[in-house]
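Peer 1: just coords:
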């Protein structure tokens with residue numbers, strides 16, 4: 001079995017999928033105490049790997065709690081291996097809050113935004129044959145040291161290339177691969193001595209749901225998932241408060257309470273969104289992205305009443321096995337589940353990586369250029385900022401901080 005070392009493991013979502021694809025986890029690491037306890041309890045309770053009879057998740061893996069800045073090769077390599085041992089795969093997604101649209105978007109100006117440098121450092125020390133890097137879509141247009149959109153991802157690409165890897169990047173939507181959740185994430189596949197694999201083609205699509213000709217299967221609806229789950233325990237059911245219930249009662253499914261939009265030159269009606277914790281899910285579509293908050297979307301029951309999605313339901317949306325346990329308070333459990341990477345991504349990318357690793361080359365493969373949609377997103381972000389900068393004090397502050405930090409202001 002090909003081996004993997006997992007950085008920023010969290011509650012283990014991506015690793016679950018990679019083990020389903022045939023990888024063996026040698027070491028899993030994280031800084032968070034509850035995440036480590038979650039990994040350990042699932043290791044100790046012998047959770048079976050779906051599709052791999054007789055195999056158990058994290059079987060024999062070393063689970064290490066540490067800040068990545070304090071990790072080195074010696075902390076990650078099995079003690080009984082030779083000095084020249086290398087893992088087949090190094091995988092991880094550095095904390096995404098600095099680049100997320102829901103965060104402060106401080107990018108590399110925030111300490112967490114530089115953690116990918118330790119990822120690269122460990123790649124140099126471990127020399128894995130392949131690397132799987134994951135992050136939020138916002139990293140595509142994240143501003144770098146001079147405040148320009150797209151700089152951060154270009155820096156990530158150059159850093160892994162300088163470490164000896166050919167790279168390829170793509171945005172993937174979990175619903176396009178059979179998950180009952182619409183969650184778009186950024187992935188990098190990097191290889192040192194084999195052809196870079198092609199990202200897998202979608203197996204599901206919304207077009208099929210709308211009776212349009214399409215060779216893929218239809219997206220998996222939220223209601224299909226809920227119908228196959230046991231009824232939640234009464235202590236896990238959260239109903240709207242007396243104040244909120246009348247505001248939500250007549251909302252159509254697939255909508256929520258709108259925030260007050262900030263007026264912008266190109267959006268005179270306001271740049272608005274839905275208020276957190278007020279969205280009523282459309283159960284005839286895959287769920288919206290599961291968040292790290294306890295204020296998940298509402299679902300409307302057959303009697304017209306509303307309740308929130310539970311931790312267990314959110315874990316199922318992320319692809320965790322039904323036996324997977326989460327340790328900590330409910331707030332911590334929602335955070336662990338929401339911060340996880342859907343297991344489906346680990347499974348589909350793990351399969352193409354295992355095939356790629358069967359081949360060998362003496363030279364590093366050439367990197368592929370950024371996809372056209374990446375370049376289009378960067379150009380759109382530049383134009384949008386030029387037109388609406390006056391109404392965006394937060395973005396302006398990030399740009400000015402970047403310029404001052406580099407002596408350009």
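Peer 2: Now that the structure is in, tell me what you want to look at. Since the model is a prediction, treat every value here as computed from it, not as a measurement. Numbers count the residues shown, from 1 in each chain.
Peer 1: show me the contacts for the residue nearest to residue 204 when sequence neighbours are not counted.
Peer 2: Counting by Cβ to Cβ, 6 or more residues apart in numbering, residue 204 lies nearest to residue 217, which is 4.7 Å off, once chain neighbours are set aside. From N, CA and C alone the C-beta is placed, and that goes for glycine too. By Cβ atoms under 8 Å, 6 or more residues apart in numbering, the contact list for residue 217 reads 178, 203-205, 208.
Peer 1: quick one: the nearest residue to residue 25 once chain neighbours are set aside and residue 132, what's the gap?
Peer 2: The shortest distance from residue 25 to any non-neighbouring residue, by Cβ to Cβ, 6+ apart, is to residue 61 (4.3 Å). Noted for residue 61: a distance of 17 Å to residue 132, by Cβ to Cβ, to the nearest Å.
Peer 1: same question, residue 203
Peer 2: Counting by Cβ to Cβ, the gap from residue 203 to residue 132 is 19 Å.
Peer 1: Spit out the contact partners of residue 89.
Peer 2: Counting by Cβ under 8 Å, 6+ apart, residue 89 has contacts 2-5, 18, 23, 128-132, 353, 357.
Peer 1: scratch that, residue 370
Peer 2: Contacts of residue 370 by Cβ under 8 Å, 6+ apart are 153, 157, 169.
Peer 1: Please identify which of the residues you listed is nearest to residue 292.
Peer 2: Nearest to residue 292 out of those is residue 153 (Cβ to Cβ; 22.5 Å).
Peer 1: what's that closest one sitting at in phi/psi?
Peer 2: phi -70, psi -40 (degrees, to the nearest 10).
Peer 1: Could I get the contacting residues of it?
Peer 2: 139-140, 142, 169, 186, 370, 374.
Peer 1: wait, which of these is closest to residue 227?
Peer 2: Using Cβ to Cβ, these come closest to residue 227 at residue 186, 31.7 Å.
Peer 1: Next, report how far whatever helix or strand the closest one lives in is displaced from the centre of its chain.
Peer 2: Per DSSP states H and E, residue 186 falls inside strand 184-191. Counting by Cα atoms, centre = their mean, to the nearest Å, strand 184-191 is centred 10 Å from the centre of its parent chain.
Peer 1: Buried ones in it, by neighbour count?
Peer 2: Of the residues in strand 184-191, 185-191 count as buried by neighbour count, 16 or more other Cβ atoms under 10 Å.
Peer 1: How about residues contacting it?
Peer 2: 129-137, 139-140, 153, 156-157, 160, 165-174, 196-197, 199, 289, 341-342, 345, 349, 352-353, 356, 364-365.
Peer 1: In strands only, show me those residues.
Peer 2: 130-136, 166-173 (DSSP state E).
Peer 1: Pick out the most distant pair among the residues you listed.
Peer 2: Across these (Cβ to Cβ), the longest gap, 24.6 Å, separates 166 and 173.
Peer 1: so the closest residue to residue 193 other than its chain neighbours, which of the three states?
Peer 2: With Cβ to Cβ, 6+ apart as the criterion, residue 193 has its nearest non-adjacent residue at 5.3 Å, and that residue is residue 361. Following DSSP: H, G, I helix; E, B strand; the rest coil, the label given to residue 361 is coil.
Peer 1: The contacts of residue 217, buried ones only, as a PyMOL selection?
Peer 2: Applying 16+ other Cβ under 10 Å to the contacts of residue 217, the buried members can be selected in PyMOL as follows:
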select buried, resi 178+204+205
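Peer 1: I'd like the contacts of residue 217 written out as JSON lines, with distance to residue 83 and pLDDT added.
Peer 2: As requested, the contacts of residue 217 are exported to JSON lines (distance: Cβ to Cβ, whole Å; pLDDT from 0 to 100):
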{"residue": "178", "distance to residue 83": "42", "pLDDT": "97"}
{"residue": "203", "distance to residue 83": "42", "pLDDT": "96"}
{"residue": "204", "distance to residue 83": "45", "pLDDT": "95"}
{"residue": "205", "distance to residue 83": "48", "pLDDT": "94"}
{"residue": "208", "distance to residue 83": "52", "pLDDT": "74"}
